[in-house]
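# Requesting a structural model of the entry that follows:
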Amino acid sequence: MKINVLKNRPVFMILLLPFIKLPGMGEYAATDLLMDMMFACSTAVIFYLAIRVKYRPDTVIKLALLLQAYLFFITIYYGSLTLTLLRNTIGVFFAMVLVDLWVRRNDFIVYDSILILFVLFSAANVLMGCGRFFETYLFGQRTNLTSISVPMIFLSAYGAYVRYRRTRRPWYIAAFALIFFLNLYLIVKESVSTAMMAILLFPVLVCLFRIRIMEKIRPVVYLMAFAVYNILFFTLQKFEMLRFIITGLFGESMTLTGRTLIWNNAVNGFLQRPLFGYGVKMLWVSRGEYSTGTAMVHNNLLQFLTEGGLTGLALFLIMIAAAVKCLRIRRNRMEDILLLAALCSMFTAMITEVLTLYNYFYFMIVLIAAGKGTQTDEEQCENRTDHDPPHH
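Residues are numbered from 1 along each chain as shown. You can find the predicted model right below:
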C-alpha cells in the first residue's frame with residue numbers, strides 16, 4: 001500500500017527529531033516537555049504507518065528488538081520499571097523502524113534529513129555551548145563528543161557520498177564538510193582522544209578495504225576482530241604498544257582518565273553475574289578519586305557484559321553480524337566500504353565510550369541492513385527514484 005507521507009521530508013524530520021534528542025535539550029523544561037510530547041506522537045504515528053504498509057522487520061530489526069526486550073526484562077527482574085527504561089527501550093525500536101520504513105522506500109529523504117539536522121545540531125553545539133545557552137554543550141559533557149559526534153560524522157559522510165554520487169550537487173559535500181569541521185573543532189578543543197583515533201582510523205580503513213587482497217576476507221571477520229581487540233583492551237590493559245599514542249600524541253595518562261579502575265571494578269562485578277548481568281545501569285562501580293561511583297563503565301562491550309551478561313553481549317554481536325553479512329568489499333562497491341570502515345571505527349571508539357547510549361549508532365546498523373550499500377553504480381541507477389536526477 002502506498003502512503004504519500006512516506007514521500008514527505010518534513011514529516012520524516014519531525015518524526016525523527018525526538019529519537020535524536022540531545023542532552024542539552026533537557027536543560028530547559030519547555031524543550032524537554034516538547035520532546036516528550038513529540039516522542040509520544042512519533043511512536044503512535046510510526047506504529048500506525050507500520051500497520052498500514054504491513055511492515056515486517058527483517059532479521060536485524062528483530063534481533064535489535066530482542067536485545068532491547070532482554071535488557072528491559074533483566075532490569076525489571078533485578079531492579080524496577082522506570083519511565084526512563086521504558087522510553088529508551090521503546091525509543092530504540094521505533095527509531096530503527098522509522099529509518100527502516102523510509103530508507104527502503106525513499107532513502108534520499110533519510111540522507112537529506114540527517115544532513116540538514118546534523119548541520120543545525122553541530123552549529124548549535126559550537127555557537128550555543130560553554131554557557132552561552134547550554135551549561136556545557138548541546139551534546140552534553142565532553143565524553144559525548146565521542147558517543148554523538150563520531151556516529152554523526154560517519155552517518156553524514158555516508159549520506160553525503162550517496163547523495164553526491166547520484167546528483168553531483170556540491171551542497172552535499174559542503175554540508176558534510178561543515179558537520180565534520182564543527183565537530184572536529186570541539187573534539188580537538190576538548191582533547192577527546194578516542195574520537196580523534198576513530199576519525200583518523202576511518203580513511204585508513206577505507207584505503208585498506210580497497211586493496212584487492214582484502215576482498216577475500218568477509219566483513220564479519222573484521223568486525224569480530226575489532227570486538228576481540230576491544231575486549232582484550234579492557235581485560236589485559238597492556239598499553240605499552242600504545243604509549244606514544246596515548247601519552248605522547250593525545251596527552252592522556254596511562255590510566256585513561258581513571259577508566260582502568262572503572263574497568264577493573266566492572267569486570268569484577270560482571271564475574272559475579274556472568275550469564276545475565278545486572279540490568280541497565282543497575283551496577284554502580286567505583287571511580288576512585290574522580291567520584292563515588294558510576295553506572296557507565298566507559299566501554300561499550302563491557303557495558304553490555306555488566307548489563308546483560310554474556311547473553312546480552314552475544315545478542316549485540318549477533319545483531320552486528322546479521323547486519324554486515326550482506327556487505328561486499330569490492331572496489332565498485334564504495335558504499336559497502338564506507339559502511340564497514342565506519343562501523344569498525346566506531347568499535348574503536350567503543351573502547352572508552354558507550355556509543356549505543358544514543359540512537360545514532362543504531363541508525364548506521366539500519367542503513368547497513370537495508371542493503372543500500374550493496375548496490376553497484378549500475379544497480380543504483382536502475383533503482384533510482386523519480387526524485388533523483390540521473391548520473392552525469
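
# Lowest mean pLDDT among the helices and strands of the chain, which one is it?
helix 377-382 (a mean of 44; mean pLDDT, DSSP states H and E).

# Report the contact partners of L71.
Going by C-beta atoms under 8 Å, 6 or more residues apart in numbering, L71 touches T89, G279, V280, E307, G308, G312. C-beta here means a position set from N, CA and C on the backbone, and glycine is covered the same way.

# If you could redo that for S122, that was the one I meant.
M152, L178, I179, L182, N183.

# neighbours around the last one, how many?
The reference is to N183. Neighbour count of N183, defined by other C-beta atoms under 10 Å: 26.

# in this protein, what spans have low per-residue confidence?
1-3, 237-257, 288-292, 371-392 (pLDDT under 70).

# what about dumping the CA coordinates of the helix or strand encompassing I51 to PDB?
Element membership of I51, judged by DSSP states H and E, is helix 29-52. Taking Å, rounded to 0.1, in the frame of the first residue of the first chain, the C-alpha atoms of helix 29-52 are listed here in PDB:
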ATOM      1  CA  ALA A  29      11.700  22.400  31.000                       C
ATOM      2  CA  ALA A  30       9.900  23.700  27.800                       C
ATOM      3  CA  THR A  31      12.100  21.900  25.300                       C
ATOM      4  CA  ASP A  32      12.200  18.800  27.500                       C
ATOM      5  CA  LEU A  33       8.400  18.700  27.600                       C
ATOM      6  CA  LEU A  34       8.200  19.400  23.900                       C
ATOM      7  CA  MET A  35      10.500  16.400  23.100                       C
ATOM      8  CA  ASP A  36       8.400  14.100  25.400                       C
ATOM      9  CA  MET A  37       5.200  15.100  23.600                       C
ATOM     10  CA  MET A  38       6.800  14.700  20.200                       C
ATOM     11  CA  PHE A  39       8.200  11.300  21.300                       C
ATOM     12  CA  ALA A  40       4.700  10.100  22.200                       C
ATOM     13  CA  CYS A  41       3.200  11.400  18.900                       C
ATOM     14  CA  SER A  42       6.000   9.900  16.800                       C
ATOM     15  CA  THR A  43       5.700   6.400  18.300                       C
ATOM     16  CA  ALA A  44       2.000   6.500  17.600                       C
ATOM     17  CA  VAL A  45       2.400   7.600  14.000                       C
ATOM     18  CA  ILE A  46       5.200   5.100  13.300                       C
ATOM     19  CA  PHE A  47       3.100   2.300  14.800                       C
ATOM     20  CA  TYR A  48       0.200   3.400  12.500                       C
ATOM     21  CA  LEU A  49       2.300   3.600   9.400                       C
ATOM     22  CA  ALA A  50       3.900   0.200  10.100                       C
ATOM     23  CA  ILE A  51       0.400  -1.300  10.200                       C
ATOM     24  CA  ARG A  52      -0.700   0.500   7.100                       C
END
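
# helices and strands around it, which ones?
Counting by 3 or more C-beta pairs under 8 Å, 6 or more residues apart in numbering; DSSP states H and E, the packing neighbours recorded for helix 29-52 are helix 9-16, helix 83-103.

# farthest pair in the contacts of S122?
Farthest pair in the contacts of S122 (C-beta to C-beta) is M152 and L178. Separation: 11.9 Å.

# Could you measure from F347 over to N106?
Distance, F347 to N106, by C-beta to C-beta, to the nearest Å: 30 Å.

# So these two - more neighbours on which side?
Using other C-beta under 10 Å as the criterion, F347 and N106 rank with F347 on top: 23 against 20.

# Give me the nearest residue to the more buried one, chain neighbours excluded.
Distances taken as C-beta to C-beta, 6 or more residues apart in numbering put F226 closest to F347, at 3.9 Å, once the chain neighbours are dropped.

# Kindly report the same for L6.
Leaving out its chain neighbours, the residue that sits closest to L6 by C-beta to C-beta, 6+ apart is R105, at 5.3 Å.

# Assign that neighbour to one of the three secondary structure states.
Following DSSP: H, G, I helix; E, B strand; the rest coil, the label given to R105 is coil.

# Number of residues surrounding P10?
Residues within reach of P10, counting by other C-beta under 10 Å, total 9.

# Would you check how far apart it and L16 are?
Taking C-beta to C-beta, one finds P10 at 11 Å from L16.

# One more: R166?
In terms of C-beta to C-beta, R166 sits 21 Å off from L16.

# ok, now P170?
25 Å.

# Among the two, which residue is more densely surrounded?
Shown here are P170 and L16; by other C-beta under 10 Å, L16 has more neighbours (21 against 9).

# Make sure the more buried one is actually in contact with L98.
Yes. L16 lies in contact with L98 (C-beta atoms under 8 Å); the separation is 6.3 Å.

# what residues are shared contacts of those two?
S42.

# Could you list the alpha-carbon positions for the host helix or strand of R163 in CSV?
Taking DSSP H and E as the definition, R163 sits inside helix 150-167. Provided in CSV are the C-alpha atoms of helix 150-167 (Å, rounded to 0.1, in the frame of the first residue of the first chain):
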residue,chain,number,x,y,z
VAL,A,150,31.7,10.2,15.9
PRO,A,151,28.5,8.4,14.7
MET,A,152,27.2,11.7,13.4
ILE,A,153,30.3,12.3,11.3
PHE,A,154,30.2,8.8,9.8
LEU,A,155,26.5,8.9,9.1
SER,A,156,27.0,12.3,7.4
ALA,A,157,29.9,11.0,5.3
TYR,A,158,27.9,8.1,4.1
GLY,A,159,24.8,10.1,3.3
ALA,A,160,26.7,12.9,1.6
TYR,A,161,28.6,10.4,-0.6
VAL,A,162,25.4,8.6,-1.6
ARG,A,163,23.6,11.8,-2.5
TYR,A,164,26.5,13.5,-4.2
ARG,A,165,27.2,10.4,-6.4
ARG,A,166,23.6,10.4,-7.5
THR,A,167,23.1,14.1,-8.0
